[in-house]
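Novice: Fold the following and give me the result.
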Amino acid sequence: MNEMTITIPEMETFDEETERFHHVKETKIVILHSLVSISKWESKWKKPFIHQEQLPIDELRDYVRCMTLTQNVDPEIYKVIPIDILNDVVAYMNDQKTATWFSDIAKPNKKNGEIITSELVYYWMTAANIPKECEKWHFSRLMTLIRICAEKNKEPEKMKKNDIYKQNHALNAMRRAKMKSKG
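Specialist: Numbers count the residues shown, from 1 in each chain. Reported below is the predicted structural model:
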């Protein structure tokens with residue numbers, strides 16, 4: 001499933017609201033950047049995740065919470081995830097996790113100007129008959145599969161009239177040469 005394990009180191013933190021120090025134990029968390037995680041985040045923040053250039057730190061920390069597969073993680077731990085670990089998480093999210101590539105290297109942020117939300121991705125999955133279990137794949141792999149389905153189901157482009165004339169002219173010339181005919 002392409003999960004990532006992050007380790008939050010043991011540390012002392014100060015809560016400015018309660019004016020108290022807190023001891024945080026070292027915590028290992030397994031996370032997965034998936035459509036399920038994006039849906040959880042969008043339902044809380046009420047905005048499209050995919051169109052975010054860079055998430056504010058609090059929203060990124062919350063997205064780590066949404067990606068968490070590990071059970072019974074202390075909710076306070078997400079408030080103290082160090083920046084270097086968050087940078088590793090962003091690199092993990094941006095990793096394509098696939099050997100498939102496309103020649104036009106388009107960003108999946110917008111398709112025909114429409115805003116992409118988790119519901120739209122679920123629609124694409126449904127339209128392409130992609131099993132629901134794929135919602136738990138790394139998001140980049142799911143988007144690659146959706147794009148492959150779209151490319152394979154595309155209507156072939158019709159030839160332009162000039163191209164048809166050129167092709168027919170070349171075929172006729174080849175046939176005349178083969179038959180040693182002038183007409």
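
Novice: Now the phi/psi pair for residue 158, please.
Specialist: Phi and psi for residue 158, reported as degrees, to the nearest 10, are phi -80, psi 140.

Novice: same thing with residue 20?
Specialist: Dihedral angles of residue 20 (phi, psi; degrees, to the nearest 10) stand at phi -130, psi 150.

Novice: which one is it nearest to, not counting chain neighbours?
Specialist: Computed as CB to CB, 6 or more residues apart in numbering, the closest residue to residue 20 that is not its neighbour in sequence is residue 14, at 7.4 Å. All C-beta atoms are positioned from the backbone trio N, CA, C, and that covers glycine.

Novice: Just say helix, strand or coil for that neighbour.
Specialist: strand (DSSP: H, G, I helix; E, B strand; the rest coil).

Novice: ok, then the element right after the lowest-mean-pLDDT helix or strand in the chain?
Specialist: Sorting the helices and strands of the chain by mean pLDDT, DSSP states H and E puts strand 110-111 at the bottom, at a mean of 54. Using DSSP states H and E, the next helix or strand after strand 110-111 towards the C-terminus is strand 114-115.

Novice: which outside residues touch the next helix or strand after that following strand?
Specialist: Of the helices and strands lying after strand 114-115 in sequence (DSSP H and E), the nearest is helix 118-127. Residues from elsewhere that reach helix 118-127 (CB atoms under 8 Å, 6 or more residues apart in numbering): 35, 38-39, 42, 49, 114, 130, 132, 134-135, 142-143, 146, 150.
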